[in-house]
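[1] what follows is a predicted structure for the sequence shown.
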Amino acid sequence: MINVLFVCLGNICRSPMAEAMFRDLVKREGLEQTVTVDSAGTGDWHIGEPPHEGTRNILKKHNISVDGLKARQIKSDDFQDFQYIVAMDASNVQNIEKLNKINSNARVIKLLDLVSEAADKNVPDPYYTGNFEEVYKLVKKGCEQLLKEIRKAHNI
């Protein structure tokens, strides 16, 4: 099983959006038995909360389910449980690396590092910008590239 964890700051905007989108993509590709998807935040402010209304609205607009999504904080076990830990921005990467005390083999990457045409490699936080449409487009491109990379790396 290939396990993918998306991470942002509070786990209510960007990372649950990526989780829902990637889960939908994995399902459409018939890979649910091969790839699992989750998301977490580096902070603890929103633990147990559903995704932000803006995230829910943009996903609903694109017919992507948010069923079962609840915010959680990244934990040390995640470094053993996930092969891919996908951060939304450079600050998330720094916070993730501070938490990785076990020097796991998990690959920590920024989502937009996979998108060659992305000028800015950080997904902006719509909690502050309010631009959920822009974030949706960036996350979609990143998720598509991530799945291509996983397919290639794991011959699936």
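    Looks like it arrived, so ask away. Numbering: from 1, shown residues only.
[2] quick one: the helices in the chain?
    14-28, 53-61, 78-81, 90-99, 126-129, 132-154 (DSSP state H).
[3] most packed of these?
    helix 14-28 (a mean of 24; mean count of other CB atoms under 10 Å). Using the backbone N, CA and C atoms, a C-beta is placed for each residue, glycine as well.
[4] what does that helix rub up against?
    With CB atoms under 8 Å, 6 or more residues apart in numbering as the test, helix 14-28 has contacts from 4, 6-8, 32, 35, 37-41, 51, 55, 58-59, 64-66, 69, 71, 86, 88, 111, 123, 125-126, 132, 135-136, 139-140, 142-144, 146-147.
[5] between the helices of the chain, which gets nearest to Ile47?
    Proximity to Ile47 (CB to CB) singles out helix 14-28 among the helices of the chain, at 12.7 Å.
[6] how far out from the middle of the chain is the closest one?
    The chain centre lies 8 Å from the centre of helix 14-28; the measure is CA atoms, centre = their mean, to the nearest Å.
[7] ok, now how distant is the residue nearest to Glu32 when sequence neighbours are not counted from Ile150?
    The shortest distance from Glu32 to any non-neighbouring residue, by CB to CB, 6 or more residues apart in numbering, is to Val26 (6.0 Å). Distance of Val26 to Ile150, given as CB to CB, to the nearest Å: 9 Å.
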